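A.B. asks: need coordinates for the below:
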Amino acid sequence: MSQIPFSADWLKQFSDPYAVLGLAVTADDRRALKRYRSVAKLLHPDSLAEADRETRDFATQLFARLINPAYQKLKQEKGRSEMLATLRFRVRRMSKEEALVPKSESARRLLSVPVSAIDTFYEQAVTELAGVQYHPLDRFVTIAPQIEELNLAYLRLKMGEPMIREKRTGIIPAAAAKPLEFTPVASDPDRVVVNYDQRHYQRAQEYMKHAEWVKAVQELRDAIRIDPKKSDYHALLGKAYLMQNLHGMAKTYFQQALKLNPRNELALQHAKQLNIPLDPLMNGTASKEEKGGLFGNLFAKKR
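C.D. replies: Numbers count the residues shown, from 1 in each chain. Below you'll find the model as predicted:
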């Protein structure tokens, strides 16, 4: 990897300790400690024994100059409160001077989701980015600013609320989220039918071939929003999460794939690894591809 100078100017661009650690601003002390230990393990010399000297030096400097100071600011409630106040001040100042226009796709999408889905989308987006923040190590330089933009966008959306409630767990249960609703367009008999969900699915497959897990996740989530009844979409999304070591998310989507189609090959391959019970699913005689299942009900438009 190329040599990165840890100058004062370079360090200033990482002023959000939540983004440095890969945390949502809703993280409490336990989540901060858990993430800190996880990152410390990744940057430990023993974990980088086979890396080149520049990478090991970068990890040492990164931990000493950014990771450790960031955790010191967040490990206690007082520090977290002060940092949230600082970030809120930045948001208010930015809102007065100019409109908040994030560069990263995830932050732009966050600003456009329904109010009821803000918390869930935000937590998931931060979790996905944090999963690849140090893989490879130099990706930190591009991922941390994206998480910072997400944090600022989230605080911008929450400006009317008196406080940010800390959470001991990360991702909000899927059942709590209300999905995007799409306005149906009048049909045109002469118009060529375009399967947009299939396009998202195919792009996700290409991203998976190149180990671009975060991009694959986004494409698959878009595909599922359009057609939540395809078991293949859920199964591939489970695989994308599994490759990022997000086992809880992976299990959720593999289970849904099997609910929709108990014979889904990809989901069955990983069912044993994730302790997914198959008997209740395999005993069902009718495929749930037609019924919609859990996610089908969630994404169905209420009338």
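A.B. asks: could you measure from Glu265 over to Gln198?
C.D. replies: Glu265 sits 19 Å away from Gln198 when distances are taken as CB to CB, to the nearest Å. Just so you know, the C-beta spots here come from the backbone N, C-alpha and C atoms, and that holds for glycine as well.
A.B. asks: ok, these two, which is more surrounded?
C.D. replies: The neighbour comparison of Glu265 against Gln198 (other CB atoms under 10 Å) goes to Gln198, with 14 against 10.
A.B. asks: so where does that one fall, helix or strand?
C.D. replies: Using DSSP states H and E, Gln198 falls within helix 196-209.
A.B. asks: which helices and strands does the longest helix anywhere in the chain pack with?
C.D. replies: Ranked by number of residues, the top helix in the chain under DSSP state H is helix 77-97. If you count contacts as 3 or more CB pairs under 8 Å, 6 or more residues apart in numbering; DSSP states H and E, helix 77-97 packs onto helix 17-21, helix 29-43, helix 68-74, helix 140-157.
A.B. asks: what do you get if the cut-off is 6 Å, keeping everything else the same?
C.D. replies: For helix 77-97, the elements it packs on are helix 68-74, helix 140-157, judged by 3 or more CB pairs under 6 Å, 6 or more residues apart in numbering; DSSP states H and E.
A.B. asks: out of those, deepest packed?
C.D. replies: Between these, helix 140-157 has the highest mean count of neighbours, a mean of 21, where neighbours are mean count of other CB atoms under 10 Å.
A.B. asks: what's the angle from that one to helix 29-43?
C.D. replies: Counting by axes from the mean of the first three to the mean of the last three CA atoms, to 10 degrees, helix 140-157 lies at 160 degrees to helix 29-43.
A.B. asks: name the residues of stretch 124-135 that are buried.
C.D. replies: For stretch 124-135, a neighbour-count test (16 or more other CB atoms under 10 Å) marks Gln124, Ala125, Val126, Thr127, Glu128, Leu129, Ala130, Gly131, Val132, Gln133, Tyr134 as buried.
A.B. asks: how about the third one, what does it touch?
C.D. replies: Residues in contact with Val126, defined by CB atoms under 6 Å, 6 or more residues apart in numbering, are Ala24, Ile147, Leu150.
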